[in-house]
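[1] I would like to see how this sequence folds:
(one chain, ligands or ions: 1)
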Amino acid sequence: MKTALILNGPNLNLLGTREPAVYGAQTLADVEVLCAQACATHGFALDFRQSNHEGQLVDWLHEAGRLQTAGTLAGVVLNAGAYTHTSVALHDAIKGTGITLVELHISNVFAREDFRHHSFISAAARSVMCGFGVAGYALAIAGLAGMQTGF
Ligand code: CA2
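    Numbering: from 1, shown residues only. Down below sits the predicted model:
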């Protein structure tokens with residue numbers, strides 16, 4: 001069974017505690033349950049993580065590269081939070097490892113402030129999705145499942 005690695009960046013541990021109009025009322029623990037259900041549906045093991053630290057996310061992307069080379073990783077779903085809009089290091093880590101990665105955002109970043117319209121992740125990602133609320137995590141895992149059979 002391959003693993004789906006779900007990585008969450010800065011402040012996503014606050015999900016469900018503030019800004020429900022933007023991010024919904026569900027907590028990150030709720031999102032992990034939702035991801036577990038989606039992984040069970042698609043035959044993946046789930047590895048679900050969150051960090052507020054850019055270097056930690058870089059290290060996890062490197063780990064993902066090793067797992068993908070070993071054939072045990074289906075791919076990564078990355079919600080890089082605000083690092084999406086600032087981090088050349090995350091861009092380079094994705095490019096450098098060649099991992100299959102879906103960039104995910106809960107909100108529709110293009111309907112928000114201008115500074116959220118540019119992503120350093122998108123050009124290195126296999127796929128990009130935003131604006132589905134936390135349901136986007138399950139949709140992204142379904143997307144990873146489709147990629148295993150080569151769509
Ligand atoms: O829409 C998304 O998923 C974002 O990646 C969320 C980031 C934001 O910087 C991106 O532009 C879009 C912010 C995550 C912080 O989430 C919070 C949730 C509740 C309360 C405070 C922060």
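[2] what's the burial count for Leu144?
    Leu144: 26 surrounding residues under other CB atoms under 10 Å. For glycine as for every other residue, the C-beta is placed from the backbone atoms N, C-alpha and C.
[3] contacts for the lengthiest helix in the chain, please.
    The single longest helix within the chain, with elements called by DSSP state H, is helix 54-70. Contacts with helix 54-70, where a contact means CB atoms under 8 Å, 6 or more residues apart in numbering, come from 3, 5, 7, 9, 49, 51, 73, 75-76, 78, 80, 83, 87, 89-90, 93-94, 96-101.
[4] try it again with 10 Å
    2-3, 5, 7-10, 47, 49-51, 53, 72-76, 78, 80-81, 83, 86-87, 89-90, 92-101, 124 (CB atoms under 10 Å, 6 or more residues apart in numbering).
[5] what residues sit buried inside that helix?
    Neighbour-count burial for helix 54-70 flags Glu54, Leu57, Val58, Trp60, Leu61, Glu63, Ala64, Gly65, Leu67, Gln68 (criterion: 16 or more other CB atoms under 10 Å).
[6] neighbouring strands - and their directions - for the helix or strand following that helix?
    Next in sequence after helix 54-70, counting helices and strands by DSSP states H and E, comes strand 73-79. Using DSSP bridges, the strands paired with strand 73-79 are strand 3-8 (parallel), strand 101-105 (parallel).
[7] relative to strand 73-79, how tilted is the helix or strand just after strand 73-79?
    Following strand 73-79 in sequence order, the next helix or strand is helix 88-97 (DSSP H and E). Helix 88-97 and strand 73-79 are oriented at 170 degrees to each other (axes from the mean of the first three to the mean of the last three CA atoms, to 10 degrees).
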